[in-house]
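Asker: Please find the sequence and the predicted model below.
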Amino acid sequence: MKLLFLLLLLGSSDLQNFYAADAYAKCSENDVYILRERSNIRGHYKDVASESNGAIISTARINKFIGSAFLASPLRNSIYYFQNLINNVGHIFAELHESVIIELLQAYELNRVRFRMWDYDDRITDIQIFVIGQDRITETEIFNGLAKDVMNIKFPDQLVSKIKFYNKNGANTATRRLSVIKIQAFYVF
């Protein structure tokens, strides 16, 4: 009987909200809600340009893929797929004046795009990179120049629904293709 009375007493008291009455709490419930919403819109601070997060290549019908079906996409998670027979890494390429457009699952707040170009030889590619806004029309140029190996592009925080890689002038070697092995997009503090 005493136990039942104690449970009823505790159940009806304000002890249920003990976390809200903590005098040393760094954040209020509203602050936690705001941080959670920012985390959602920033893709939980993970790579949002990956197949596992719902990103697709909207220009896949005009671009070409080298490698097996799943391992040629620059949105895959494993980047070290290598074919011994043809001495090749799975990648996507676009011819001169073509684009590779990555369409994200939703508009995310981003400030960083990282990509790895084909680097089997001394290839340097002249490209432009655009982020397309939440309205899916407004393009903002974040990079215009020569790209080699792994590039890390920083830009101001903005809502992004697509990322466009444009092959402006091709590479300076035998081919004029824009060849990309891996593409990542995320938010960094």
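Answerer: Structure received. Because the structure is predicted, anything quoted here is derived from the model rather than measured.
Asker: Would you mind listing where the chain has pLDDT under the threshold?
Answerer: By pLDDT under 70, the weakly predicted segments of the chain are 1-25, 68-70, 78-88, 172-174.
Asker: Show me the strands in it, by range?
Answerer: 56-57, 64-66, 82-83, 88-89, 91-94, 99-117, 125-132, 139-147, 150-171, 178-186 (DSSP state E).
Asker: dump the residue contacts of Asn53.
Answerer: By Cβ atoms under 8 Å, 6 or more residues apart in numbering, the contact list for Asn53 reads 43, 46-47, 104-105. All C-beta atoms are positioned from the backbone trio N, CA, C, and that covers glycine.
Asker: re earlier: and of the strands of the chain, who's closest to Asn30?
Answerer: strand 99-117 (19.6 Å; Cβ to Cβ).
Asker: Could you count how many residues lie near Tyr45?
Answerer: Close neighbours of Tyr45, defined as other Cβ atoms under 10 Å, add up to 12.
Asker: now it, nearest residue through space, not along the chain?
Answerer: Tyr187 (5.7 Å; Cβ to Cβ, 6 or more residues apart in numbering).
Asker: residues contacting that neighbour?
Answerer: 42-43, 45, 108-112, 157.
Asker: next one: phi and psi at it?
Answerer: Phi and psi for Tyr187, reported as degrees, to the nearest 10, are phi -100, psi 130.
Asker: top helix in the protein by residue count?
Answerer: The longest helix of the chain (DSSP state H) is helix 29-41.
Asker: angle of that one against strand 150-171?
Answerer: Counting by axes from the mean of the first three to the mean of the last three Cα atoms, to 10 degrees, helix 29-41 lies at 30 degrees to strand 150-171.
Asker: With only the CA atoms kept, save helix 29-41 in CSV.
Answerer: Coordinates of each C-alpha in helix 29-41 appear next as CSV, following Å, rounded to 0.1, in the frame of the first residue of the first chain:
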residue,chain,number,x,y,z
GLU,A,29,14.1,23.0,-24.8
ASN,A,30,13.6,25.6,-27.6
ASP,A,31,17.4,25.7,-28.2
VAL,A,32,17.5,21.9,-28.5
TYR,A,33,14.6,22.1,-31.0
ILE,A,34,16.4,24.7,-33.1
LEU,A,35,19.6,22.6,-33.1
ARG,A,36,17.7,19.5,-34.1
GLU,A,37,16.0,21.4,-37.0
ARG,A,38,19.4,22.8,-38.2
SER,A,39,20.9,19.4,-38.1
ASN,A,40,18.0,18.1,-40.3
ILE,A,41,18.4,20.9,-42.9
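Asker: Show me what that helix is in contact with.
Answerer: By Cβ under 8 Å, 6+ apart, the list of residues contacting helix 29-41 from outside reads 20, 27, 45, 108-109, 159.
Asker: now, the most widely separated pair of the residues you listed?
Answerer: Taking Cβ to Cβ, the two most distant members of the contacts of helix 29-41 are Ala20 and Leu159; they sit 32.4 Å apart.
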